[in-house]
Structures are given as C-alpha cells and as structure tokens.
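Peer 1: below are the sequence and a predicted model for it; my questions follow.
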Amino acid sequence: MFLSESKKYFAPALVLSALAFFLSAAIFFSAPARAQKVRELPPPPPGPRFKAKPTPTPAPTPAPEYEVIKVSSNLVVVPVSITNPEGQPVLGLKQADFQIAEDGHAQEIAQLGDPEQVPLDIALLIDVSSSVSERFGFEEQAATRFLKQVLRPMDHATVYAIDRTPRLEQARSTADIATARLMSIKAAVGPSPTAFYDTVIEAARYLAQNTPEQNRRVIVVISDGEDNFSNRVRDSSLVAYRAMQADENDTSPAARARMRAAAETALQQGHRKAQAEVQQEVQQANAVFYSINPSGEALKLNVISTRAQNAMQQLGGATGGTAFVPDKIEDLEAVFSRILNELRAQYLLQYYSNNKSGGNAFRRIAITIPAQPQLRIRAREGYFPKAK
C-alpha cells in the first residue's frame, strides 16, 4: 500500500521535473539566439547629406575678330657694283649720286643699303667633267679659300657639281661644312658629258626656293661653259642628226654641205634657247652671276669654246655680274679676290616701284651716276615682278 502511495506521488513529481528541465534548457539555448539577432540588426539609416551646388561653367569668351589686312610690297633691291676705269671698286658714293629708272620712268631711291648688313647666299658650281680634270685640284683649293674668306657667320653656301646631270653636293650650309664637302669632290676620269645649262638652272631655282628673298643671291661658276648634255642641247642634237640623215642617197658635195649647215643651225638654235632659259631663271631668282673660265687663251682655239664663253659673259652682264678668263691657272686666286672685294663693296639701291602696269612681264632697270660718267656701273638689267 505504501508502494502504491509512493507511485501515486512520484509520477506527478517526475512530470514536473521533466518540465522544469526542458524549460531551463529552452531559456539557456534561447539567450545566444537573441544575442545573435541583435548583432544582425541593420545599421541605422544614414543622416542627410548636403551636396554642394555645382559651379556653373562660364561661357567661353568669344575670340576677338581681327581685320585681315593684306600688305603687298613693291620694294625692289638692286645690288650695284661701281668700278673706276682701272677696275677697282669705288667707295663712298651717296644716295643722291645715283639715278634709277624702271621701264623708262624715274624712280625715287628710298634707301642705300649697307652690304655688310645683308646676308649673302652663294651657290658655287664647279665643273667636274674631263675637260677640266687636269687643273681641278687647284680650282678646288682656290674656291675653298674664297668661300672661307667671303662668308661671314650669317652667310651660307650651296655647292653643285657640273656633271652629266646637275649634282647637289652640299645643301645650304655654313662655310665650314660647304668647304669640307667641296674638298671631297672628285673630277671625272675619262670622257664625260656636261650639263652646264641644266646645272645653272637648278642652282638658280634652289636659291629662289631655299633662301630668304631679302638676301643677296650670287652664283659663282668655275667652268669653261661648254654644254653637250643638257635637255635642250640633247634635243637639238637629235634634230641635227636627223638633218644629216635627211637625204642619205644624195652623196654629192653640195648635198653634204646643205645637211651640215642644217645640222649646225639646229645645234645653234638649241644653244640659244637654252641660254635664254638660263638667263630668265637666274633673273627670276634675283641672283648675280659670276663665271671663271680656267681655259685661258686656249678657249680661242675653237668655235665651241668661244661660243660658251660669250654666253657666260652675256649672262653675267644681264644679272649684274661678269665673266673672268684668267690668263693662267695661277691667276685664279686674284680673280676670286676681285669677286670678294666687289661683293663687299656693292651698293644696294632700294626703291618702291611706281610701275602700275601690272602683270609679270620683265621690267628693265637703268642706273646712272650723272656727276661721274667715267665710272663703270654693273647691275642687273631688270627683274620679273613677283605675282601678287
């Protein structure tokens, strides 16, 4: 009975104990869960952000409008060499001593320029053909000394070789560079053709395109002037050959004489056309042409040499230069000295042309010194006005 009573009170106690145990376990395990849930709470919402007002971009300042003014200058600069009857340069002349006319109309001289203040651009052309090979070394050395003496730091030189085609040996450079290249040039070995006209034309165009217009431009040539391979000469030689073959069946002396005359006429016409073209190119470049023929008296021995020298003399006279023929090769130094002194003693007449004719036709210039008519004046015959 006691056992039954015990069971009666033990069962409810056991149930209560089990409930207490499970309640305690629930409390124990639920605490971390709540802590974990606290840590996982989202962060508070961010506070209000204050954005700076954007700075307005200033409107671009409009570029100022400039009036385009076109200035056209008709200033003409004429280098003039004055010598006495003995050939010595005359110094000390004043602006009032000169008178100048263009196409017959008197011009007012604006200024007498100082040659020492105007840069000099020289194109030196040296013949390397077989006709001058025997004296080439002496010519080369004399030309080198000339360039070193005449060129100042502000001056420049260009070097060409006269060969079967124009050969630019040294582009525009200082005296030291140009003379070093000049001394490295070798003369032709054996017979070789000569394109004299083409080389002078190319040198004139080079000066016109690569040197400042206000500079003094000078072409100095060391050559006998003979040409047998320039473009116009080759063309005329072909015409002459065809003339000789015109009537192969007629072998009579009269027929042969007619063919030789026709061939010579064709050659002469070719040379005249080439010479006229050379003169025009040098004048358009506003360059002064000097030539030195080292042949001496030997040039008088044949018609070809004489014709070549006469052509160089004509070209020099038309451009304000001249042609020298030293009696012997040793006189070459003296000739270079004369050119040097002349370039240093030039007068630079400057005037604004009042010629209103327009166009690009050649305009002739005449310069006089009325008070001293015995003086010799050398200046270019005229100029081609620049296209506006």
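Peer 2: Structure's in. What do you need?
Peer 1: where along the stretch 101-250 of the chain do the strands fall?
Peer 2: 105-107, 109-113, 120-127, 156-162, 166-173, 216-222 (DSSP state E, counting those that start in this stretch).
Peer 1: need the least confident one among the ones you listed, by mean pLDDT.
Peer 2: Per-stretch mean pLDDT for the strands of the stretch 101-250 of the chain is lowest at strand 109-113 (a mean of 92).
Peer 1: what's that one packed up against?
Peer 2: Packing partners of strand 109-113 (3 or more CB pairs under 8 Å, 6 or more residues apart in numbering; DSSP states H and E): strand 347-352. The way it works is simple: take the backbone N, C-alpha and C, and place the C-beta from them, glycine included.
Peer 1: list the buried ones in whichever helix or strand comes after the strand it packs on?
Peer 2: Scanning forward in sequence from strand 347-352 by DSSP states H and E, the next helix or strand is strand 363-368. Using 16 or more other CB atoms under 10 Å as the test for burial, strand 363-368 gives 363, 365-367.
Peer 1: could you do stretch 272-282 as well?
Peer 2: Across stretch 272-282, burial judged by 16+ other CB under 10 Å covers 274-275, 277-279, 281-282.
Peer 1: next: stretch 184-203.
Peer 2: Neighbour-count burial for stretch 184-203 [16+ other CB under 10 Å]: 185, 187-188, 192-203.
Peer 1: grab the most central residue of the protein for me.
Peer 2: Nearest to the geometric centre of the chain sits residue 210, at 1.7 Å (CA atoms, centre = their mean).
Peer 1: so who does the closest residue to it other than its chain neighbours touch?
Peer 2: Nearest residue to residue 210, sequence neighbours excluded (CB to CB, 6 or more residues apart in numbering): residue 172, at 5.6 Å. Under the criterion of CB atoms under 8 Å, 6 or more residues apart in numbering, the neighbours of residue 172 are 121, 156-158, 210-211.
Peer 1: need the max-distance pair from those.
Peer 2: Greatest spatial distance among the contacts of residue 172 (CB to CB): 157 and 210, at 12.1 Å.
Peer 1: what about the closest residue in space to residue 349 that isn't next to it in sequence, distance to residue 117?
Peer 2: The spatially closest residue to residue 349, leaving aside those adjacent along the chain, is residue 78, at 4.6 Å (CB to CB, 6+ apart). According to CB to CB, to the nearest Å, residue 78 and residue 117 sit 16 Å apart.
Peer 1: between the two, who's got more neighbours?
Peer 2: The residue with more neighbours, out of residue 78 and residue 117, is residue 78; 24 against 8, by other CB atoms under 10 Å.
Peer 1: Three-state assignment for the more buried one, please.
Peer 2: The three-state label given to residue 78 by DSSP: H, G, I helix; E, B strand; the rest coil is strand.
Peer 1: correct me if wrong: it contacts residue 98.
Peer 2: No. At 9.7 Å, residue 78 and residue 98 do not qualify as touching, with contact defined as CB atoms under 8 Å.
Peer 1: shared neighbours, those two?
Peer 2: 349, 367.
Peer 1: can you list contacts of stretch 196-204?
Peer 2: Counting by CB under 8 Å, 6+ apart, 123, 125, 127, 158, 160-163, 165-168, 219, 221, 223, 225-227, 229-233, 274-275, 277-278, 281-282, 284-285, 287, 289, 308, 315 sit against stretch 196-204.
Peer 1: same check, this time on stretch 149-160
Peer 2: For stretch 149-160, contacts defined as CB under 8 Å, 6+ apart pick out 119-126, 147, 166-175, 178-179, 181-182, 185, 199, 202-203, 206-207, 210-211, 336, 339-340, 343-344.
Peer 1: mind doing that once more with 7 Å?
Peer 2: By CB atoms under 7 Å, 6 or more residues apart in numbering, the list of residues contacting stretch 149-160 from outside reads 119-125, 147, 166-175, 178, 181-182, 199, 203, 206, 340, 343.
Peer 1: show me which residues of it are buried.
Peer 2: By 16+ other CB under 10 Å, the buried positions in stretch 149-160 come out as 150-151, 155-160.
Peer 1: also stretch 289-302?
Peer 2: By neighbour count with 16+ other CB under 10 Å, stretch 289-302 contains the buried residues 289-295, 299.
Peer 1: can you check the pLDDT for the closest residue to residue 99 other than its chain neighbours?
Peer 2: Among residues not flanking residue 99 along the chain, residue 368 sits closest, at 4.9 Å (CB to CB, 6+ apart). Residue-level confidence at residue 368 comes out at 97, pLDDT.
Peer 1: distance of residue 368 relative to residue 98?
Peer 2: From residue 368 to residue 98 the distance is 7 Å (CB to CB).
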